[in-house]
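J.: Okay, sequence plus prediction incoming.
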Amino acid sequence: MAVRAFKRDIIRISGPVHGEHLSAMQKSRKIVVRDSLWYKKYRFKVIYRATSDFKQDTVPNIVAYKKNLTKDEIKLSNNIYRILQAPKQQIQTKYQGYVARYRNIGVHPWHTCTVYLDTEDNYVMYKMMVGGEIESEQEILLLSELESDK
């Protein structure tokens, strides 16, 4: 679990304080009914916009969190890998000449970046440790689970 990997950095753990807090975290996600899980493994999906704040602040937290999980527990979309691997280039504008601004090539603010998680425990821990401005969150409810409720 991720807690063991961050034991030097963790001073105190204050996860969902009570049931209402956990319930509020869970209510922000949409339920999606499907035949199978995403990539046949992942029940939870967290979607971000590829804004500059996401690239600078959230992506490093995602990478740090990912290091503590296996590939069966978490999956990152290709856009996140593009952000991590993209060379930075200096932008030249028409009026200002060369500016000290840099951008990632190929991933723009209107693109989405997605993180897939397998269990609710990993999902809740992810939300507490990574943060960031989330565009939307989804959880799969399988058709077979609906049929078994009858």
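T.: Alright, I've got the coordinates.

J.: alpha carbons only for contacts and neighbour counts from here, please
T.: Fine.

J.: What helix or strand is the nearest residue to A50 once chain neighbours are set aside located in?
T.: Once its chain neighbours are removed from consideration, A50 has its nearest residue in P109; the separation is 4.4 Å (C-alpha to C-alpha, 6 or more residues apart in numbering). Secondary structure from DSSP states H and E places P109 outside every helix and strand.

J.: thought P109 was touching S52?
T.: Yes - taking C-alpha atoms under 8 Å as the definition, P109 is a contact partner of S52 at 7.3 Å.

J.: For this structure, which helix or strand comes out least confident on mean pLDDT?
T.: strand 97-104 (a mean of 49; mean pLDDT, DSSP states H and E).

J.: ok, K75 - how many residues close by?
T.: The tally of other residues near K75 (other C-alpha atoms under 10 Å) stands at 20.

J.: T70 now?
T.: Other residues within reach of T70 by the criterion other C-alpha under 10 Å amount to 10.

J.: Also Y123?
T.: When neighbours are counted by other C-alpha under 10 Å, Y123 registers 22.

J.: go on, Y42?
T.: Using other C-alpha under 10 Å as the criterion, Y42 is surrounded by 20 other residues.

J.: Need phi/psi at it.
T.: Summarising the backbone geometry of Y42 under the convention degrees, to the nearest 10, its torsions are phi -110, psi 130.

J.: mind listing what it touches?
T.: With contact taken as C-alpha atoms under 8 Å, 6 or more residues apart in numbering, Y42 is in contact with E73, I74, Y116, L117, D118, T119.

J.: how does it look with 7 Å?
T.: Y42 sits next to Y116, L117, D118 when contact means C-alpha atoms under 7 Å, 6 or more residues apart in numbering.

J.: which one of those residues is nearest L143?
T.: Distance from L143 was checked for each of the contacts of Y42 by C-alpha to C-alpha. The minimum falls on D118, at 17.4 Å.
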